[in-house]
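Participant: requesting a structural model of the entry that follows:
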Amino acid sequence: MCHGRVTHMSFFTCGTTAGHRLQFGGMSILILLVIIISPSAASSEALCFPKYSPGYHVASVSDPLTGKERSVMVHVPDNLDFVSFSSVPAMIAYHGWHANPWYFNRLGNVAKSTARHGMVLALGFGTPPDTNESPICCPDGCDVMCCSSGDKLDMMRPCGWNTDGQGSTGTDDIAYTRAIARMLVKDLCVDSNRIFATGLSNGGSMTATAACQASDVFAGVAQISGGLGEKVICEPESPVAFLSFCGLDDMSCTASSNTTAELFKSLNNCIEPFHTSFESKTTKCRAARGCMGGTFVEQCFIKGLGDEFPGHDRVKPLYPGEPKQDPNNIDAMDYMLKRMSIISKQESKQE
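Facilitator: Below is the predicted model of the structure:
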């Protein structure tokens, strides 16, 4: 029941019925606007009010099995509607060894890039060796304000990822990944069919592990450097698009890149062979299409590049005079977002 006195022209709502009451002399006329929601729409989509406003936030997620709390840094773009019908895509990012979310974000221009594609971004925090504590993955004595400059690396207590996945000893980063995904859907109106992942080096290896062991979470992943560990049990429950970037001078990925691509080509039942999909003076990509669920498998190789983020120079040179990347190198961040933003797990569910 709606309460309150309405005079002259006013707008009111009650349940799913809205209307205007117009006053003409002593006679009032009620014009009702009825919002009709189909049963299917009501069950599959509900109005969502994001918990976080535009900008950066450090949130907390909990592992439902252990109850352990871990932090995750979230970026909400300015250009997203505050009220959404749970249709916002998101990307989960894994930083490299001895790095942190702020460093990875600055290195790859990640938040600005995902924002251009209307994506929420979740930057995970790795964990240091068991004998050390590094809650924000920054050098001892460097607080959040210090670390947020994005140029700090913790060489003494390096944070990283358990790339062997579930079933191995150590931190369960697959459970952490799932907790982040649940938070994104619940608190940030993210479409569960359009969650993606990326990572660099050790984080790239974690990205591949997540594709193997959390395929139900991701529509697609983009691995930058790193390799799929030999101990990883890779039995995806559903198709997942797989894209990798590997510098030809990067020993962390050159040995396993072709094997990993062929593995996902087989797992996704791609019926087409690999064909050239992109080429520049320094970069060549090949892709296999015709895969289950509208997915694809693609590899990009970059000449003269080591364990680096293609298209993005290091925040600080490793040594004085370190050369910058060739301007013809592919921009991995831009390329992956263009490829990933057009796919959804909904397609695989309909097959």
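Participant: measure Val74 to Ser134 for me?
Facilitator: For Val74, the distance to Ser134 equals 20 Å [CB to CB, to the nearest Å]. C-beta: built from backbone N, CA, C; applies to glycine.
Participant: between those two, which one's more packed in?
Facilitator: Taking neighbours as other CB atoms under 10 Å, Val74 and Ser134 compare with Val74 leading, 24 against 21.
Participant: report the contact partners of the spatially closest residue to the more buried one that is not a sequence neighbour.
Facilitator: Excluding the flanking residues, the one nearest Val74 by CB to CB, 6 or more residues apart in numbering is His57, at 4.8 Å. For His57, the contact set (CB atoms under 8 Å, 6 or more residues apart in numbering) comprises 73-76.
Participant: surely His57 is within a helix?
Facilitator: No: assessed with DSSP: H, G, I helix; E, B strand; the rest coil, His57 is strand; it does not lie in a helix.
Participant: how near is it to Tyr103?
Facilitator: 18 Å.
Participant: what bridges to Val221?
Facilitator: Ala197, Phe242 (DSSP bridges).
Participant: that one and Phe196 touch, don't they?
Facilitator: Yes: counting by CB atoms under 8 Å, Phe196 is a contact partner of Val221 at 6.5 Å.
Participant: the two: who's more crowded?
Facilitator: Set Val221 next to Phe196 and count neighbours by other CB under 10 Å: Val221 wins out with 32 against 28.
Participant: if I look at the more buried one, what pLDDT would I see?
Facilitator: Note on Val221: pLDDT of 98.
Participant: all helices for the stretch 51-200 of the chain, in order.
Facilitator: Secondary structure of the stretch 51-200 of the chain by DSSP state H, counting those that start in this stretch: the helices cover 101-108, 110-116, 144-147, 173-188.
Participant: looking at those helices, spot the one closest to Thr209.
Facilitator: Nearest of those to Thr209, taken as CB to CB: helix 173-188 at 7.2 Å.
Participant: which strands and helices sit next to that closest one?
Facilitator: strand 55-62, strand 69-76, strand 88-94, strand 120-124, strand 190-200, helix 202-213 (3 or more CB pairs under 8 Å, 6 or more residues apart in numbering; DSSP states H and E).
Participant: so for the longest one, mean pLDDT?
Facilitator: It refers to helix 202-213. 97.
Participant: buried residues, it. List them.
Facilitator: 202-213 (16 or more other CB atoms under 10 Å).
Participant: show me how far that helix is from its chain's centre.
Facilitator: Average the C-alpha atoms of helix 202-213, do the same for its chain, and the two points are 12 Å apart (CA atoms, centre = their mean, to the nearest Å).
Participant: try stretch 266-274
Facilitator: In terms of CA atoms, centre = their mean, the centre of stretch 266-274 is set 24 Å apart from its chain centre.
Participant: residues in contact with it: which ones?
Facilitator: 234, 236, 239-242, 261, 265, 286-293, 295-297, 299.
Participant: could you export the helices and strands packed on helix 173-188 as JSON lines, including distance to Gly150?
Facilitator: Shown next, in JSON lines, are these (distance: least, CB to CB, whole Å):
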{"stretch": "strand 55-62", "distance to Gly150": "11"}
{"stretch": "strand 69-76", "distance to Gly150": "11"}
{"stretch": "strand 88-94", "distance to Gly150": "13"}
{"stretch": "strand 120-124", "distance to Gly150": "11"}
{"stretch": "strand 190-200", "distance to Gly150": "14"}
{"stretch": "helix 202-213", "distance to Gly150": "15"}
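Participant: point out the most buried one among these.
Facilitator: Comparing the helices and strands packed on helix 173-188 by mean neighbour count (mean count of other CB atoms under 10 Å), helix 202-213 ranks first with a mean of 28.
Participant: can you name every helix or strand that that helix contacts?
Facilitator: strand 88-94, helix 173-188, strand 190-200, strand 220-224, strand 241-247, helix 251-254.
Participant: where does pLDDT dip in the stretch 201-350 of the chain?
Facilitator: Applying pLDDT under 70 to the stretch 201-350 of the chain flags residues 347-350.
Participant: going along the chain, name the helices of the stretch 201-350 of the chain.
Facilitator: 202-213, 251-254, 257-267, 332-340, 345-350.
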